[in-house]
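>>> after the sequence you'll find the predicted model.
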Amino acid sequence: MHPVGTPRMPRPYVKIASLLGTALLAASMLPASGLAADKTIVTVAYSPTYVFDTNDLAAKWWASVKDQFDTQYPNAEMKLVPIEGNYDDIVNKLSLLYRSPATTPDVVQIPTPVVAQWVASNYLLPLDSYVANTDWYKDFPQVIRDEGTFDGKVYAVSSGENDSMLYYNKDMFKKAGLPVPWNPQNWDDILSAARQIHAKVPDVVPMWLMAGTTAGSVGIEMGAGNLLYGSSDPTIYDEATQKWVVDSVGLRETLGFYHSIYSEGLGAKLSDLFSPTPHTVPVTDIIPNQKVAIVLGSNFYGGQWGKVVCAPCWDKATEVEGVAPIPHVKGQAPNVATTVAGWDYAVAAVTPHPKEAFDAVNVLSNRRNSIDIANWAGFVPGSSKFANDPELIDFGPPVNELASKIIQYGRILPPLPDFEVWSKGLQQATGTMAQHPETSVDDAIGILKDYVTNQLGDDKVETK
Amino acid sequence: MNNAVVAAASESGKKVRLRKRSADHPGVDIPGMVLLLPAALLLLALFVLPVGYAFYLGFTDITLIGPTAVHFHFTGIKNVLRLGRDTLFWKSLWLTAVFLAGSVVGVTVVGMALAVLMQRSAAWLRAGVGAVSIVAWMLPPITVAVVWYAFTTTDGALSLVTPGDGDSLNHFPMLVVTLANVWATAGFSMLILSSGLRAVPSEVIEAAVMEGAPRWRIFTSVTLPIMRPTIVTNILLVTLLSLANFALIYIMTAGGSDNSTDILPVYSYQQGFVFKKLGYGALLGDVVVIIATVFAYLYVRVARQRPVRTRLADGV
């Protein structure tokens, strides 16, 4: 029975309507890019929320890159594949996408410390023949080339790097009777300055030094790793024995520095050190709000206080905040210590169109894009030519100039899967020292040793 | 005739098996099974196979990235042996027990207090407290985590009344995450226990009052024993909810500080997605599934018990 009140459609119309419906359905199932059927689609996976200083700048930069590529290569089209989340989320989601050729993006922006694992999985295409024909790769310093080179083949090229330095508040230094400009020659100089600040400027945090587990390996890259690389023995992974170093002079010097900072009350409060994103605390809060005297921090702070990024805006940044390289423990040459880590572009081994994929890398790596991403994400560009470009140097003075100058002395963290385990052990050791200031260097070494031995086994660790 | 005896002879004809058919032991119901088939297939495809595959992965060397990401191998009991030696696993198991016990006791006590308050208080208070508790239960874990993070760290509201730097979360992480879980789950417990309280027969309470029993004695010796099945159900459900509450702890502490809140789901995630050891992470996940299965089985058994009223009527 037909429901009352609903007009019945005459039979011929039903047929016509159903034919139209079928046609519409069939049309909707045609490829969305039907008009662009002849174009080669190049998929590019990127982070819209983590790499850049603000999400708006990420959207602006990637939209511009796509426009440039689509205009420059009319027979191809760039399709952007956003990967949301933080560092671990991005690595995990990309790892899952790469498990199947059907979901593998042609081009990817990945963190440099994990490139080796992608190479070991046979996921990446060697780029030697492609980079040889570019005008930018030849200007990459060796340390940055090494990040993406494995077994003599280039698998990834830098999209930008982070290194570390000491930031200091000139007003507080003057108040404490410390020299400005400040140029510490060894670790004792840093500790003496922090102690003097503690005595003369009591309301501020003398020194920010990353500790604990919440930042993951970023906390090592922007914290303890820099001290270890300035110590008497910076070895983390012993290539000769293929074992992880859990006790060494270098580690004891590093943890000794932590002991001085936290046992003497020179460090920051726990709620900042252990916050979910501690690496942003200095740049967004305690430096611009002038709550800290010395910060061992990353170069990405540099352009963040200017008018373009403005996160937060701080017009007195260059007037108030000075920078200096991190010295070695006893001032050994070259007396500049820093970790180097960044983000790379790579091309998938399974891409059906490698030429177009590298064309995309070429556009991503041109001068305009390299300088813009460096300024908007807080990077040192891979190419030394762009790293010394006035447009970059003037964007975040004096940070960008120093960052570009010291990158050549930088060292990468071991690009091995078990680095995360070693890193977690050291994060726990530093976190315990910050939380329980009575923790001795021996105890902290014990924490690192126990953690790594428990996870990897006795035969994978050594004392140097 | 109620009991039909069906005899089926084996091929050789030497053995004879007898099968009873009765109302209590029905035979194969073909149409019923056909109707159940779609649901059974869905359950098989969406639950049994993935869980079974996860168990299999727990016995492999699969990693999220690296040479064994795609070409992984069955490694027998290697991961299980590692589990036995892994001191963090045993610590994690203990922390899971502490978190579950703390949550269950806290949630049940607060839930019961709210339920009793709801029963006896004025209507406006009942409505207000009930609404707030249920809102807390309905909040997503991310909101609960952020609220409690802000409340319990330096400069948070709690720091105004606590000594030292007021950073309760980092000084007493397990206590704080357990309290956050109690806060978020008590509304759920209150709903269950309220219905249990309403099911307590008023004549039994009246009899106790007429005997001159004090209020507290009536509550502990009459109300609670009658509510026993409801309380057990509540405990089992709160245990399952808390075991699945990975997000709250992960957001608030990520297992820290110093692994002191590293309950099994968090440790499993850490192995799989931070250390990229998916095989070992899957095995840790399997342990969580086994624990959850035990509690789920107990819950099903309790849920199948006859209602209190029926048993009281039977004089049981």
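Alright, I've got the coordinates.
>>> what does the stretch 201-350 of chain A put close to chain B?
Applying Cβ under 8 Å from any Cβ of the partner chain, we find that the stretch 201-350 of chain A lies next to chain B at A:G212, A:T213, A:T214, A:G216, A:K269, A:L270, A:S271, A:D272, A:F274, A:S275, A:P276. Glycine gets a C-beta too; all of them are placed from N, C-alpha and C.
>>> okay, buried residues for the helix or strand containing B:T108 please.
If you go by DSSP states H and E, B:T108 is part of helix B:87-120. Neighbour counts over helix B:87-120 (16 or more other Cβ atoms under 10 Å in any protein chain shown) mark B:88-89, B:92-93, B:95-96, B:98-100, B:102-104, B:106-108, B:110-112, B:114-116, B:118 as buried.
>>> surely B:V289 touches B:V51?
Yes. Here B:V289 reaches B:V51: they are 6.5 Å apart, a contact under Cβ atoms under 8 Å.
>>> circling back to that earlier point, would you turn the residues of the stretch 201-350 of chain A next to chain B into CSV with secondary structure?
Below are those laid out as CSV (DSSP: H, G, I helix; E, B strand; the rest coil):
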residue, secondary structure
A:G212, coil
A:T213, coil
A:T214, coil
A:G216, coil
A:K269, coil
A:L270, helix
A:S271, helix
A:D272, helix
A:F274, coil
A:S275, coil
A:P276, coil
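>>> using pLDDT, spot the least trustworthy of those residues.
On pLDDT alone, A:P276 ranks lowest of these, at 86.
>>> re the thing from before, ok, which of the buried residues of helix B:87-120 also contact chain A?
Within the buried residues of helix B:87-120, those near chain A by Cβ under 8 Å from any Cβ are B:L88.
>>> quick one on the thing from earlier: Throw the residues of the stretch 201-350 of chain A next to chain B into a markdown table and include neighbour count, thanks.
Conversion of those to a markdown table gives the following (neighbours: other Cβ atoms under 10 Å in any protein chain shown):
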| residue | neighbour count |
| --- | --- |
| A:G212 | 26 |
| A:T213 | 25 |
| A:T214 | 22 |
| A:G216 | 18 |
| A:K269 | 19 |
| A:L270 | 21 |
| A:S271 | 22 |
| A:D272 | 21 |
| A:F274 | 25 |
| A:S275 | 20 |
| A:P276 | 15 |
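>>> quickly check those residues for the two that are furthest apart.
Within those, A:G216 and A:K269 form the most distant pair, 20.5 Å apart (Cβ to Cβ).
>>> of the residues of the stretch 201-350 of chain A next to chain B, closest to B:E211?
After measuring those against B:E211 - Cβ to Cβ - the closest member comes out as A:S271, at 56.0 Å.
>>> who touches the closest one in this structure?
B:T153, B:T154, B:D155, B:D165, B:D167, B:L169, B:N170 (Cβ atoms under 8 Å, 6 or more residues apart in numbering or on different chains).
>>> which helix or strand contains the residue nearest to the spatial centre of chain A?
By Cα atoms, centre = their mean, chain A has its centre lying nearest to A:G342, at 4.5 Å. Using DSSP H and E, A:G342 falls within strand A:341-347.
>>> wait, doesn't B:L264 sit right on B:W94?
No. Taking Cβ under 8 Å as the definition, B:L264 is not a contact partner of B:W94, at 10.1 Å.
>>> span of stretch A:169-178 from start to end?
11 Å (Cα to Cα, to the nearest Å).
>>> contacts for that stretch next, please.
A:179-180, A:182, A:193, A:196-197, A:199-201, A:204, A:287, A:290, A:292-294, A:319-322.
>>> now which of those residues would you call buried?
Buried among the contacts of stretch A:169-178 (16+ other Cβ under 10 Å): A:182, A:193, A:196-197, A:201, A:204, A:287, A:292-294, A:320-322.
>>> so which of the residues you listed comes closest to A:L402?
Using Cβ to Cβ, these come closest to A:L402 at A:G322, 9.9 Å.
>>> got the buried residues for stretch A:172-191?
Using 16+ other Cβ under 10 Å as the test for burial, stretch A:172-191 gives A:M172, A:F173, A:A176, A:L178, A:W182, A:P184, A:N186, A:W187, A:D189, A:I190, A:L191.
>>> give me the element the last one is part of.
What that stands for is A:L191. Per DSSP H and E: helix A:187-200 holds A:L191.
>>> A:Y87 against A:G219, yeah?
No. Counting by Cβ under 8 Å, A:Y87 sits too far from A:G219 to count as a contact (10.9 Å).
>>> which one of these two has more residues nearby?
A:G219 (24 against 18; other Cβ atoms under 10 Å in any protein chain shown).
>>> per-residue confidence averaged over the host helix or strand of B:L35?
Element membership of B:L35 [criterion: DSSP H and E] is helix B:30-43. Averaging pLDDT along helix B:30-43 gives 91.
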